[in-house]
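Chemist: sequence below, structure please.
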Amino acid sequence: MKKTQIIFDVELDKNKIPEKISWSASDGGIKAKESKAAFISVWDDKVQETLKIDLWTKDMPLDQMNVFFHQTLVSMSDTFLRSTQN
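Modeler: This next block holds a predicted model:
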């Protein structure tokens, strides 16, 4: 079985607020790509619960946060419809 990794690096200020987020995906050819925000969700089937990490840098503008949330919700809706036809 082939394995691959997606790695997130988060640099924090002295108050543990994210200042810089970068990520790498070896199979995607992405190395240390900077980002202002990330939503990571994983499903724990044993307890039937979603585990989440929501991160954004302290300098992310509100207008970009609004677009990020909107695009994320639209993408989730599209994915749900495509995978369940529901």
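
Chemist: show me where the protein has helices.
Modeler: Along the chain, counting by DSSP state H, helices occupy 62-84.

Chemist: can you give me the strands for it?
Modeler: Here the chain has its strands, by DSSP state E, at 6-12, 18-25, 30-35, 37-44, 49-56.

Chemist: distance of the residue nearest to Glu11 when sequence neighbours are not counted relative to Met60?
Modeler: If you skip the residues right next to it in sequence, Glu11 has Lys20 as its closest partner in space, 4.1 Å away by CB to CB, 6 or more residues apart in numbering. Any C-beta I mention is one placed from the backbone N, CA and C, and that applies to glycine too. Distance of Lys20 to Met60, given as CB to CB, to the nearest Å: 11 Å.

Chemist: pull the number of nearby residues for Val47.
Modeler: Close neighbours of Val47, defined as other CB atoms under 10 Å, add up to 8.

Chemist: what are the buried residues along stretch 49-56?
Modeler: Of the residues in stretch 49-56, Trp56 count as buried by neighbour count, 16 or more other CB atoms under 10 Å.

Chemist: restricting to C-alpha, output that stretch in CSV.
Modeler: What follows is stretch 49-56, C-alpha atoms only, in CSV (Å, rounded to 0.1, in the frame of the first residue of the first chain):
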residue,chain,number,x,y,z
GLU,A,49,-17.8,12.6,15.8
THR,A,50,-16.0,15.1,13.6
LEU,A,51,-12.7,16.4,15.0
LYS,A,52,-11.7,19.8,13.7
ILE,A,53,-8.8,22.2,13.6
ASP,A,54,-9.6,25.7,12.4
LEU,A,55,-6.7,28.0,12.0
TRP,A,56,-6.2,31.5,10.5
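
Chemist: next one: Lys20 from Ser35, what distance?
Modeler: Per CB to CB, Lys20 is found 9 Å from Ser35.

Chemist: again but with Asp78, I slipped
Modeler: Look at Asp78 and Ser35: by CB to CB, they are 21 Å apart.

Chemist: between the two, who's got more neighbours?
Modeler: Taking neighbours as other CB under 10 Å, Asp78 and Ser35 compare with Ser35 leading, 15 against 10.

Chemist: look at the closest residue to the more buried one other than its chain neighbours and report its pLDDT.
Modeler: Among residues not flanking Ser35 along the chain, Ile21 sits closest, at 4.9 Å (CB to CB, 6+ apart). Note on Ile21: pLDDT of 99.
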